[in-house]
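> Task: produce atomic coordinates for the following.
(2 chains)
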Amino acid sequence: MSDTTGISFGAQEGEAGFGDYFALLKPRVMSLVVFTALVGVLVAPGPVHPFIVFVSVLFIAIGGGASGALNMWYDSDIDAKMKRTRARPVPAGRVAREEAFAIGIALSGMAVVMLGLAANFTAAALLAFTIFFYVVIYTMWLKRRTPQNIVIGGAAGAFPPMIGWAVATGSISLESVLMFLLIFLWTPPHFWALCLFMNGDYSRAGVPMLTVTHGRRATRIHILAYTLILAPVAVGIGFTSIGGPLYLAAAVVLNALFILGAIRLMRRDEEAAAGDHYRAEKRFFRFSLIYLFAHFLALLGEAALHHAGIRGI
Amino acid sequence: MGIAQEHEIHKRRLGRNLGVGLALGSFVAIVFGMTVVKVKRGDEMRSYEHVRPAEQELSK
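Numbers count the residues shown, from 1 in each chain, chains lettered A, B, ... in the order given. Here you go, the predicted model:
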């Protein structure tokens, strides 16, 4: 009886469903990649066939997902220690580490080659670099070594609109660099807000997040500093070829609210924050998601206006 | 109990096989669709125009 139970349990643990493999690709992160890459293609000058847009965004998403699978392969020890990540397929025992690695490598190669064939090799090279940056520079090198991990690692998440732009134009331009910077500079305040109320997780896993190495006070100051650096970049996009009055109005309001939120966070002391279970920090984190989504939505709105023949400034 | 657990494994395996089959089928459809789009547009059958328009004119 005990033998049978043992065999059944072992087999069940090793038998992953299709959903487990899909979860390896970090679908929630993929949705951000899809959206920003799609905006990157649609705001770029020059028509792209709708099917090529679809295929390109799909392979950018698969490439991003593949890097997520490689991240889960390498970080399974950390993931097992953190409440937020311990249900992921590898630490939960539903997918073997080797499987996650194989899927990550295979999908990375396939996504890069297919993007090159569907669009152009500039876009494919940028996707390959994004995967390399996320897996090697961020996951393997920086994440466990420096509290600046999220600052530099954030670049990986910032590439999709630049890749999308390259799909349409075959090149890199000021607009695509600014879209990259928008996500790059947004990532630290977004993640550090999360760390403020999930600090225990990172301490347990031994990940040197800023909250762990320098404390919450320093993190709050850093959040404000980054929102101040981010604001001119975000507003500046409004003065390029992809901007306009709609985007400018949205960017000014969103950045004012983001800076106000960061000032509010900086003024809070730890007793007050713990007293209301980090309500302001959680609100700031949620707003940061809306902030990024709204900026790219406004860019899409500008593109739609330009397409309809209603020119901005 | 043992039978029920076996059944659960088979269900997962079936789901996985269907998922992989669907993914492979979609991949074939995508490659076919890409080919149709590129042929209809009169693209060269390679992904990047290495030859500039001026050079193309010269080569004619």
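
> quick one: low-confidence ranges for the stretch 1-150 of chain A?
A:1-14 (pLDDT under 70).

> Which residues are in contact with residue A:231?
By Cβ atoms under 8 Å, 6 or more residues apart in numbering or on different chains, the residues touching residue A:231 are A:255, A:258-259. Bear in mind the C-beta positions are built from the backbone N, C-alpha and C, glycine included.

> tally of neighbours for whichever residue of chain A sits closest to chain B?
For chain A, the residue closest to chain B is residue A:18, as judged by Cβ to the nearest Cβ, at 3.0 Å. Here the number of neighbours of residue A:18 (other Cβ atoms under 10 Å in any protein chain shown) works out to 19.

> Contacts only, for it.
Contacts of residue A:18 by Cβ under 8 Å, 6+ apart are B:15-16, B:18-20.

> before we move on, the earlier item: which among the contacts of residue A:231 count as buried?
For these, a burial check counting by 16 or more other Cβ atoms under 10 Å in any protein chain shown picks out A:255, A:258.

> Return the member of the contacts of residue A:231 nearest to residue A:276.
Taking Cβ to Cβ as the measure, residue A:276 lies nearest residue A:258 of the contacts of residue A:231, at 20.7 Å.

> Go through the contacts of residue A:18 and say which is closest to residue A:38.
After measuring these against residue A:38 - Cβ to Cβ - the closest member comes out as residue B:19, at 24.3 Å.

> Surely the closest one touches residue A:16?
No. Using Cβ atoms under 8 Å, residue B:19 is not in contact with residue A:16; the gap is 10.4 Å.

> out of these two, which sits in the more crowded spot?
Neighbours were counted for residue B:19 and for residue A:16 using other Cβ under 10 Å; residue A:16 has more, 22 against 15.

> The closest residue to chain A within chain B: what's it in contact with?
Nearest residue of chain B to chain A, counting by Cβ to the nearest Cβ: residue B:19, 3.0 Å away. Residue B:19 makes contact with A:18, A:21-22, according to Cβ under 8 Å, 6+ apart.

> Could you check the pLDDT of it?
Listed pLDDT for residue B:19 reads 90.

> For whichever strand or helix holds residue A:189, buried residues please.
Element membership for residue A:189 (DSSP states H and E) is helix A:174-197. When burial is assessed from 16+ other Cβ under 10 Å, helix A:174-197 yields the following buried residues: A:175-197.

> before we move on, the earlier item: for the contacts of residue A:231, give me CSV that also has pLDDT, distance to chain B and secondary structure.
Shown next, in CSV, are the contacts of residue A:231 (pLDDT from 0 to 100; distance: Cβ to the nearest Cβ, whole Å; DSSP: H, G, I helix; E, B strand; the rest coil):
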residue, pLDDT, distance to chain B, secondary structure
A:255, 97, 38, helix
A:258, 96, 39, helix
A:259, 96, 43, helix
